[in-house]
Structures are given as C-alpha cells and as structure tokens.
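J.: got a sequence here, can you model it:
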Amino acid sequence: MDITIQASFLPQDDPDAALAFYRDVLDFEVRNDVGLNGLRWITVGPKEQPGTSIVLFPPGADPGVTEHERNTITEMMAKGTFGMILLSAPDVDGTFERLQALDAEVVQEPTDQPYGVRDCAFRDPAGNLIRIQQQP
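T.: Numbering: from 1, shown residues only. Next comes the predicted model:
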C-alpha cells in the first residue's frame, strides 16, 4: 500500500487568531482560506511539505453535531482537551525559544522524556495542544 497523510483537522474558534498563530508563529504557509455562512476553514502546512496540511475548522459547522455536542466541544476546547497535534523539529530547544519569544502559550519546556524523545508543548489560540519533538 502507498498511503500518506494528506490533512489532519484541528478546531479553531477564532479564525484570525488561528491564522496568525499558524502562519506567523509556526511559520506555516496558508494553502486555502474558505468562508461559508460566516464560518472559515483555513488550510495551513509546512512550506517544505506541500502534500501535508492541517485544516483549521469551525467545530460546530457539521450539521450532524447536536447543540449538546457543540457545547461539549466548546467546553473541551476551553480546557485544551479536544485537539492535539504532534510536530517535529531538528532543534527542539531552539524552536522552543523562538516560539516562546513570539508569546506562544507554553505548556511544557523542553524535556527529555522517559520514552526516548526530547519535546516541548504549547497551546494554540483555540487551546489545542501542540507538542514538538526533536527529530532523531
């Protein structure tokens, strides 16, 4: 089989803040920015990986989501327990310093984990956990 990851989805509740974080803080390129009925879906990704994207989506836009489910999603986003993504960088300490200097919300400073990686963690404006591991 020849299967690759084309896109992952992360919720966003403030498209302008999400765009600023992923474009200006993480230095991802904007690949698409689509609006419909007052909602926005923003596709971003690393410049060096044109085939892999993250779609920042309005979590309540799915017509199959009930009002109760929308409220649960909103509560989980506020606590930072709804979305997460794992990124990698060749120098996690340098990446941490750069992101911290850009006022990204720090969750964990660079740490050597017992399972063999060095990583750090941030939250994006919607509360999604962004873990960054050092490439082996």
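J.: going forward, measure contacts and count neighbours with C-alpha atoms only.
T.: Noted.
J.: got the buried residues for stretch 9-29?
T.: Within stretch 9-29, the residues that count as buried by 16 or more other C-alpha atoms under 10 Å are 9-13, 15, 18-19, 21-23, 25-26, 28-29.
J.: now do the strands in this protein.
T.: Using DSSP state E, the strands assigned to the chain run over residues 7-11, 29-36, 39-45, 53-57, 84-89, 105-112, 118-123, 129-134.
J.: can you redo those strands as TSV with mean pLDDT and distance to residue 78?
T.: Shown next, in TSV, are the strands of the chain (pLDDT from 0 to 100; distance: least, C-alpha to C-alpha, whole Å):
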stretch	mean pLDDT	distance to residue 78
strand 7-11	94	11
strand 29-36	96	23
strand 39-45	96	19
strand 53-57	96	16
strand 84-89	95	13
strand 105-112	96	14
strand 118-123	96	11
strand 129-134	96	11
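J.: hmm, back to that, in helices, which of the buried residues of stretch 9-29 appear?
T.: Among these, the residues falling in helices (DSSP state H) are 15, 18-19.
J.: in CSV, list the residues you listed along with pLDDT.
T.: CSV is the format used below for these (pLDDT from 0 to 100):
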residue, pLDDT
15, 96
18, 97
19, 97
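J.: among the strands of the chain, which is nearest residue 72?
T.: Residue 72 sits nearest to strand 7-11 of all the strands of the chain, at 13.0 Å, using C-alpha to C-alpha.
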